[in-house]
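Asks: I would like the atomic coordinates for the input below:
(chains A and B)
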Amino acid sequence: GDSVTQMEGPVTLSEEAFLTINCTYTATGYPSLFWYVQYPGEGLQLLLKATKADDKGSNKGFEATYRKETTSFHLEKGSVQVSDSAVYFCALSPPNTNAGKSTFGDGTTLTVKP
Amino acid sequence: GAVVSQHPSWVICKSGTSVKIECRSLDFQATTMFWYRQFPKQSLMLMATSNEGSKATYEQGVEKDKFLINHASLTLSTLTVTSAHPEDSSFYICSASAGNNSPLHFGNGTRLTVT
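Replies: Next up is the predicted model:
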């Protein structure tokens, strides 16, 4: 079945550092790929997504590129802020499937220190 | 943008009582909503898919008689934890989308503590 493997955390960075959170997946066909962010005590928010190979999703300075050849969707940000401290989830959704039935990774906790 | 409202945000109840959690889509119609459970420092576990006007579809291992789901309208789904026990204490999250290939929107979650 489908699976998502995320880089284990927690990740602690200083403000303005470069961020990479690795995500690889196993799925048949061409799933849609997502990154969600969860702030303390809240639900998840969609951060970015990509629906086909070589697509780059971007939002709020975060980027991730859909790499079919390496089955990866790594999250990057060039300069993190304290406000980026949160848990980040990588997820995949098979084609023509409601995203609610996505397979989620285990989450990576990011802490950014001033 | 689309908003999903979940209430209550937290609830404390005594063992043996039942608790109802509401999930509303505020500005779009959701024929399908989803309920998840999240344990500390873990990912979301899909519990069930809530279908408007029909029975919910439960994931393997989730007790349908314990976690009652009702999806009475296109904007409201409820999850009732019946005869709650301390092991049911968890963070419950709902989500909704307008359909396949549409963005998924999450509620802010409900922290349930059973004493």
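
Asks: what about chain B, any weak spots by pLDDT?
Replies: For chain B, the stretches flagged by pLDDT under 70 are B:1-2, B:101.

Asks: From chain A, how far out is the most centrally placed residue in it?
Replies: Closest residue to the average C-alpha location of chain B: residue B:35 at 3.6 Å, with Cα atoms, centre = their mean. Distance, residue B:35 to chain A, using Cβ to the nearest Cβ, to the nearest Å: 9 Å. C-beta: built from backbone N, CA, C; applies to glycine.

Asks: these two touch, right, that residue and residue B:68?
Replies: No - the criterion here is Cβ atoms under 8 Å, and residue B:35 misses it with residue B:68 at 10.7 Å.

Asks: residues from chain A in reach of chain B?
Replies: A:32, A:34, A:36, A:41-46, A:49, A:89, A:96-102, A:104-107, A:109 (Cβ under 8 Å from any Cβ of the partner chain).

Asks: Can you select the buried ones from the residues you listed in PyMOL?
Replies: Here is the PyMOL command that selects the buried residues among these (16 or more other Cβ atoms under 10 Å in any protein chain shown):
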select buried, chain A and resi 32+34+36+42+43+44+46+49+89+98+99+100+101+102+104+105+106+107
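
Asks: Okay, and which of the residues of chain A next to chain B map to strands?
Replies: Among those, DSSP state E puts A:32, A:34, A:36, A:44-46, A:49, A:89, A:104, A:109 in strands.

Asks: Return the item of those residues having minimum pLDDT.
Replies: The weakest per-residue confidence within these falls on residue A:44 (89).

Asks: and the gap between it and residue A:14?
Replies: Applying Cβ to Cβ, to the nearest Å, one obtains 26 Å for the distance of residue A:44 from residue A:14.

Asks: any idea whether the residue nearest to the centre of chain B is helix, strand or coil?
Replies: Under DSSP: H, G, I helix; E, B strand; the rest coil, the three-state class of residue B:35 is strand.

Asks: Residue 93 bridge partners, please.
Replies: Reading this off chain A. With DSSP bridges as the criterion, residue A:93 is bridged to residue A:32.

Asks: please go with chain B instead
Replies: residue B:36.

Asks: so what's the spatially most central residue of chain A closest to, chain neighbours aside?
Replies: Nearest residue to the geometric centre of chain A (Cα atoms, centre = their mean): residue A:35, 3.2 Å. Nearest non-adjacent residue to residue A:35, counting by Cβ to Cβ, 6 or more residues apart in numbering or on different chains: residue A:47, 4.4 Å away.

Asks: Appreciated, that's everything.
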